[in-house]
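Undergrad: Just to be clear, the model below is a prediction. Sequence and coordinates:
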Amino acid sequence: MKTSVYSLIFAVISWTAISCGGHEQKKTNAPVSTKPTVEDSGLVVRFPPDSLTLSYFKTAAVTKTDISAELTAPAMVAATVVYSKENPSQNLVLFDNPELTANYTAMLQHIINIRQKGNIVQQRKAIVSQKQIELDRFSDLAAHGAGTGKDVSDAKTDLISAETDLAMAQTELINERTSIIEHESKLKLAGFDPQALVNARLNKTWVICEMPENQVTKVKKNNACKLLFTSYPSEEFPGTIEDIGEVIDNVTRMVKLRIGVDDPGGKLRAGMFATVRFGVNEGNSLSVPKAALITVQGGNYVFTKEADNSFRRREVVSGPEANNRIIIYRGLNEGDQVVTDGAMQLKGLSFGY
């Protein structure tokens, strides 16, 4: 009987030891996760030390070199100058925008009115001077007994009437000059020089393009540029930057550039689309391979390789492309290792796509 009890206890203890040992063995052999972890709201993507996974990502160094780039911007023919049969002394400017046409026409009318009213003012000034001379003469005659008080009184009335007419003419001239400012301002906001429109020569064409404010300092007034029009894809037109806008759009942060193009063949029409190419020297600038740059909701980013098997998302301010590299104005340092192969995969992990 005692032997049976001891045998039973031994069997229970052995089963318990075997069971515990089995659980311990199972815990020890649990598989290690190979999935990356995303930290700091997506700024850091960390991988386990798995050489097979990490070998997929290729990097390149951020370099600083002297770079000459070709900056491009979309554009459109905004106005052309044609011959006017009705008024040969004043060439006709055709706009792509009816509102600009209305402002231009109103401005020309105000210019005509200002000239006319300016002449009227000069005539009435002459009349006032003549009436003043007559009053002085009649006053002198009356003082020496050779004239009457009525003559002096009539001369004073004529002078007052002439001065009133002059004041009215001056007021009308001021009103015309005030009215023209509104139309000139609208033309300037659209990128035009009102005086250049008035004196425009035949077959002159103006192209308006928009450039981001962070790139507009790369181009200068009177610099040459080249234009390629959609209607003439195999022909390049030379142009000159005539003016750089003084106003930055509050929404788009773009600046208007007015480019003058000579079109002796009369090929260009208001409303035609074009691409403008500007040759710019970026100087000694940082750059990264084009494949390293990703764009999300208008922001530009790259991923840099860290020392601990992780990649960090960096927001950058980028410039134009040159030789399949993107110029970087801010956000990186020379020597940083940016991801080229695998950047899109990191984008998905970082932004949760």
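TA: Cool, got the structure.

Undergrad: residue ranges with poor pLDDT in this protein?
TA: Residue ranges of the chain with pLDDT under 70: 1-34, 51, 281.

Undergrad: what's the single longest helix in it?
TA: Scanning the chain for the longest helix, with DSSP state H as the assignment, gives helix 98-143.

Undergrad: Tell me the first helix or strand C-terminal of it.
TA: Later in the chain than helix 98-143, the nearest helix or strand by DSSP states H and E is helix 149-189.

Undergrad: how distant is that next one from the center of its chain?
TA: With CA atoms, centre = their mean, to the nearest Å as the basis, helix 149-189 stands 43 Å off its chain's centre.

Undergrad: Please shift the residue numbers so they start at 744 in all later answers.
TA: Done: numbering now begins at 744, and the last item shifts to helix 892-932.

Undergrad: which helices and strands sit right next to the helix or strand just after that helix?
TA: On the C-terminal side of helix 892-932, the closest following helix or strand by DSSP H and E is helix 937-941. On a contact count with 3 or more CB pairs under 8 Å, 6 or more residues apart in numbering; DSSP states H and E, helix 937-941 meets helix 841-886, helix 892-932. Where C-beta positions appear, they are placed from N, C-alpha and C, glycine not excepted.

Undergrad: Quickly list the domain ranges of the protein.
TA: Split into domains by automatic domain parsing, the chain comes to 780-810+1026-1094, 815-820+945-1024, 841-932.

Undergrad: and the ones you listed as TSV, adding mean neighbour count?
TA: Below are the domains of the chain laid out as TSV (neighbours: other CB atoms under 10 Å):
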stretch	mean neighbour count
domain 780-810+1026-1094	16
domain 815-820+945-1024	16
domain 841-932	15
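
Undergrad: Let me have the helices and strands packed on helix 937-941 in a markdown table, extended by distance to Asn1043.
TA: Output for the helices and strands packed on helix 937-941, formatted as a markdown table (distance: least, CB to CB, whole Å):
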| stretch | distance to Asn1043 |
| --- | --- |
| helix 841-886 | 34 |
| helix 892-932 | 29 |
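
Undergrad: now for the ones you listed, which one comes closest to Ala1035?
TA: For the helices and strands packed on helix 937-941, the distance to Ala1035 is smallest for helix 892-932, at 38.6 Å, taking CB to CB.

Undergrad: So what touches the host helix or strand of Thr983?
TA: Assessed by DSSP H and E, Thr983 sits inside strand 975-991. Residues outside strand 975-991 that contact it (CB atoms under 8 Å, 6 or more residues apart in numbering): 931-932, 934, 936, 939, 949-950, 956, 959, 962-972, 997-1006, 1010-1011, 1019.

Undergrad: do that again at 6 Å, thanks
TA: Strand 975-991 is contacted from outside by 956, 964, 966-971, 998-1004, using CB atoms under 6 Å, 6 or more residues apart in numbering.

Undergrad: now for the longest helix of the chain, which elements pack on it?
TA: Secondary-structure packing of helix 841-886 (3 or more CB pairs under 6 Å, 6 or more residues apart in numbering; DSSP states H and E): helix 892-932.

Undergrad: at 7 Å what do you get?
TA: strand 835-838, helix 892-932, helix 937-941 (3 or more CB pairs under 7 Å, 6 or more residues apart in numbering; DSSP states H and E).

Undergrad: what's next to the shortest one, contact-wise?
TA: Residues external to strand 835-838 that are found in contact with it (CB atoms under 7 Å, 6 or more residues apart in numbering): 821-825, 827, 844, 847, 940, 943, 1013.

Undergrad: Which single one of those residues is nearest to Ile863?
TA: Proximity of these to Ile863 was ranked by CB to CB; the top entry is Tyr847 with 24.9 Å.

Undergrad: Give the next helix or strand downstream of the host helix or strand of Val781.
TA: If you go by DSSP H and E, Val781 is part of strand 780-782. The C-terminal neighbour of strand 780-782 among helices and strands, as given by DSSP H and E, is strand 787-789.

Undergrad: From the chain's centroid, how far away is the next helix or strand after that following strand?
TA: Where DSSP H and E defines the elements, the next helix or strand beyond strand 787-789 is helix 794-797. Distance, stretch centre to chain centre, for helix 794-797: 43 Å (CA atoms, centre = their mean).

Undergrad: strand partners of whichever helix or strand comes after helix 794-797, parallel vs antiparallel please.
TA: The C-terminal neighbour of helix 794-797 among helices and strands, as given by DSSP H and E, is strand 801-804. Sheet pairing of strand 801-804 (DSSP bridges) gives strand 1080-1084 (antiparallel).

Undergrad: which other residues reach the strand it pairs with?
TA: So strand 1080-1084 is in contact with 800-805, 1031-1032, 1034-1035, 1045-1048, 1054, 1089, going by CB under 7 Å, 6+ apart.

Undergrad: any idea which helix or strand comes after that strand?
TA: Next along from strand 1080-1084, by DSSP H and E: helix 1086-1094.

Undergrad: Could you check the angle that next one makes with strand 1080-1084?
TA: Put simply, helix 1086-1094 runs at 110 degrees to strand 1080-1084, going by axes from the mean of the first three to the mean of the last three CA atoms, to 10 degrees.

Undergrad: what's helix 1086-1094 packed up against?
TA: Judged by 3+ CB pairs under 7 Å, 6+ apart, the packing partners of helix 1086-1094 are strand 787-789, strand 1037-1039.

Undergrad: For Leu851, which of those is the nearest?
TA: When the helices and strands packed on helix 1086-1094 are compared by CB to CB, strand 1037-1039 sits nearest Leu851, at 45.7 Å.

Undergrad: and the contacts of strand 835-838, which of them are in helices?
TA: 844, 847, 940.
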